[in-house]
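[1] need a structure here:
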Amino acid sequence: MNENENPTKVNNSTLLLPLLVSTFAVTSANSVSGLLLIEIGSSFGVSVGIAGQIRTLSYIMAIASALLLSALSIKYNHKSLLIIGLIASTISALGSGFSSNFTMMLLLYSINGIGMSMVLPMVYSLIAEYFSEEKRPNVIGLSIASQSSSYLIGSPIISYISGIRGWRMTFLGYIFPVALLSLILTTKFLPSTSGPRTKTISTSVYDGFSQVLSNRSALACLIGVMFSVSAFQAIVTYSVSFFRQKLQLSTGFATVYFAGASPFFILGSLLSGRLVKRVGRKTLTVVSAFLAGIFTMLFSNITYIPISMAFALASFVFNGMRNTAVNNLTQEQIPRLRGLMMSLYSAADNIGMAIGAGIGGYILLLYDYDILGLSLGLLGILSAIIFYFYTKDPTLPKVETLSKTL
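    Sure thing, here's the model as predicted:
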């Protein structure tokens, strides 16, 4: 499809609404598992540690399905793949609410990982097809903000429903209706698009992967994503535990901090959508990844609560900026293969989460939170170095260095 000839590239709410609701819907289930693991485990007679494996399996399924999707996205219509992902998330929500034993819960909840790995890359690919290059950064920023809003909006709703009707009703009365709504809106309002095609899927897959593997900048984007997301896990996964164990904050206060952190990530995402057009995709990616790494290193090495918390919240802001900037940078690497690139981006993102959480846990077994922050923060700085030296912004008339841009 010629981008300039696409009549759907307009500022049209009928295009934007289904995309935002879709990203909101597929990330909402994570709020339930994050808030109600104790209740879920208790109902099935398993410990919180065992109950937490529903998220582990979901991430594994997300990685596997993202790799499969990277091949399918070359051959099949992006809207169709988005709908399949939304169907998976809808089935997962309904099945989780009716699960009669933990094994069933484990399997049905993990299907949402498949949904996430299909929905998010296809949303980003469709944004590129529906909206002009000038409008994409803002729309991507809104999409990422929509994901974060699912935690901000969903947390009080989930807590309220579970307090009255139990954790099952949070799936049946909230997650399932939102997923179903996104499916209806996507089916009704999004036009079909014609992505790149070749005669046989084997040739398409081979050609697509060959282009990615031979493109140094595209590979660097994916590696940089893995390192930067790994670094963010020091904040997302372990900051609440740090404040509770090391700084002796109450559970309630730490919970308020974590819920209040979402607007900071949203702020970073929205700011990035505007700044991308002013300073460039690569520049903003490098700067935000570097600063996010610095603040990650600092937060766990400061024992004065207000400053430590300020550094953690600053990391949320710059990770929100980094997330939007690198998303924009990645999808412009090989425009003909946006579906493939964003599917691989999704796989890299999930791998990064798994690596960061795993390394962080191992470090805590051997050392303490100060080493955790330093180690994962260094991964964030390393990602900035990779983005600086090995990536380029294909949308620029010339490849500009960071020093020239500044």
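
[2] every contact and neighbour count from this point should use C-alpha atoms.
    Noted.

[3] how is the chain partitioned into domains?
    11-186, 201-394 (automatic domain parsing).

[4] export those as CSV, with columns for mean neighbour count, distance to Ser192 and mean pLDDT.
    Below are the domains of the chain laid out as CSV (neighbours: other Cα atoms under 10 Å; distance: least, Cα to Cα, whole Å; pLDDT from 0 to 100):
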stretch, mean neighbour count, distance to Ser192, mean pLDDT
domain 11-186, 21, 6, 85
domain 201-394, 21, 14, 86
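
[5] so Gly97 sits against Tyr174, correct?
    No - between Gly97 and Tyr174 no contact is recorded; they are 10.4 Å apart, counting by Cα atoms under 8 Å.

[6] what about stretch 127-140, distance to the chain center?
    18 Å (Cα atoms, centre = their mean, to the nearest Å).

[7] what is the end-to-end distance of it?
    7 Å (Cα to Cα, to the nearest Å).

[8] please, which helix or strand holds Thr283?
    helix 281-299 (DSSP states H and E).

[9] I'd like to know which elements the helix or strand following that helix is packed against.
    Note on helix 281-299: by DSSP H and E, the next helix or strand toward the C-terminus is helix 305-331. Helices and strands touching helix 305-331, by 3 or more Cα pairs under 8 Å, 6 or more residues apart in numbering; DSSP states H and E, are helix 136-165, helix 216-236, helix 251-279, helix 281-299, helix 338-366.

[10] which helices and strands sit right next to the fourth one?
    Under the contact definition 3+ Cα pairs under 8 Å, 6+ apart, helix 281-299 sits against helix 216-236, helix 251-279, helix 305-331, helix 369-390, helix 402-405.

[11] let's see it at 10 Å
    helix 216-236, helix 239-245, helix 251-279, helix 305-331, helix 369-390, helix 402-405 (3 or more Cα pairs under 10 Å, 6 or more residues apart in numbering; DSSP states H and E).

[12] for the last one, same thing?
    Of the remaining helices and strands, those touching helix 338-366 by 3+ Cα pairs under 10 Å, 6+ apart are helix 53-75, helix 102-130, helix 201-213, helix 216-236, helix 305-331, helix 369-390.

[13] tell me which of those lies nearest to Gly358.
    helix 216-236 (9.2 Å; Cα to Cα).

[14] run the angle between that closest one and helix 281-299 for me.
    Orientation check (axes from the mean of the first three to the mean of the last three Cα atoms, to 10 degrees): helix 216-236 against helix 281-299 gives 30 degrees.

[15] begin at 37 from here
    Understood, numbering begins at 37; the last thing we discussed is helix 252-272.

[16] gap between helix 252-272 and the chain center?
    For helix 252-272, the distance to the chain centre is 12 Å (Cα atoms, centre = their mean).

[17] now do stretch 277-290
    26 Å.

[18] and what of stretch 376-386?
    10 Å.

[19] likewise for stretch 59-70?
    Counting by Cα atoms, centre = their mean, stretch 59-70 comes out at 11 Å from the chain centroid.

[20] quick one: the residue nearest to the spatial centre of the chain and Asn364, what's the gap?
    Taking Cα atoms, centre = their mean, the centroid of the chain lies closest to Asp385, which sits 6.7 Å from it. Asp385 is 14 Å from Asn364, where distance means Cα to Cα.

[21] again with Ile96
    25 Å.

[22] picking that back up, in a markdown table, list the helices and strands packed on helix 341-367 along with distance to Leu162.
    Conversion of these to a markdown table gives the following (distance: least, Cα to Cα, whole Å):
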| stretch | distance to Leu162 |
| --- | --- |
| helix 172-201 | 10 |
| helix 252-272 | 19 |
| helix 287-315 | 17 |
| helix 317-335 | 19 |
| helix 374-402 | 9 |
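
[23] do you know which of those helices lies nearest Leu221?
    helix 172-201 (15.5 Å).

[24] how far out from the middle of the chain is the closest one?
    13 Å.

[25] thinking again about what came up before, ok, which of the helices and strands packed on helix 341-367 comes nearest Leu117?
    Nearest of the helices and strands packed on helix 341-367 to Leu117, taken as Cα to Cα: helix 374-402 at 10.1 Å.

[26] what about stretch 315-329, distance to the chain center?
    17 Å.

[27] alpha carbons only: can I get stretch 336-351 in PDB?
    Extracted C-alpha coordinates of stretch 336-351, given in PDB (Å, rounded to 0.1, in the frame of the first residue of the first chain):
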ATOM      1  CA  SER A 336      18.100   2.000  45.200                       C
ATOM      2  CA  ASN A 337      21.200   3.600  46.500                       C
ATOM      3  CA  ILE A 338      19.500   6.500  48.300                       C
ATOM      4  CA  THR A 339      18.100   5.800  51.700                       C
ATOM      5  CA  TYR A 340      16.200   9.200  52.000                       C
ATOM      6  CA  ILE A 341      12.700   8.200  51.000                       C
ATOM      7  CA  PRO A 342      11.500  11.400  49.200                       C
ATOM      8  CA  ILE A 343      14.600  11.500  47.000                       C
ATOM      9  CA  SER A 344      14.600   7.700  46.300                       C
ATOM     10  CA  MET A 345      11.000   7.800  45.400                       C
ATOM     11  CA  ALA A 346      11.500  10.900  43.200                       C
ATOM     12  CA  PHE A 347      14.300   9.000  41.300                       C
ATOM     13  CA  ALA A 348      12.000   6.000  40.900                       C
ATOM     14  CA  LEU A 349       9.200   8.200  39.500                       C
ATOM     15  CA  ALA A 350      11.700  10.000  37.200                       C
ATOM     16  CA  SER A 351      12.600   6.500  35.900                       C
END
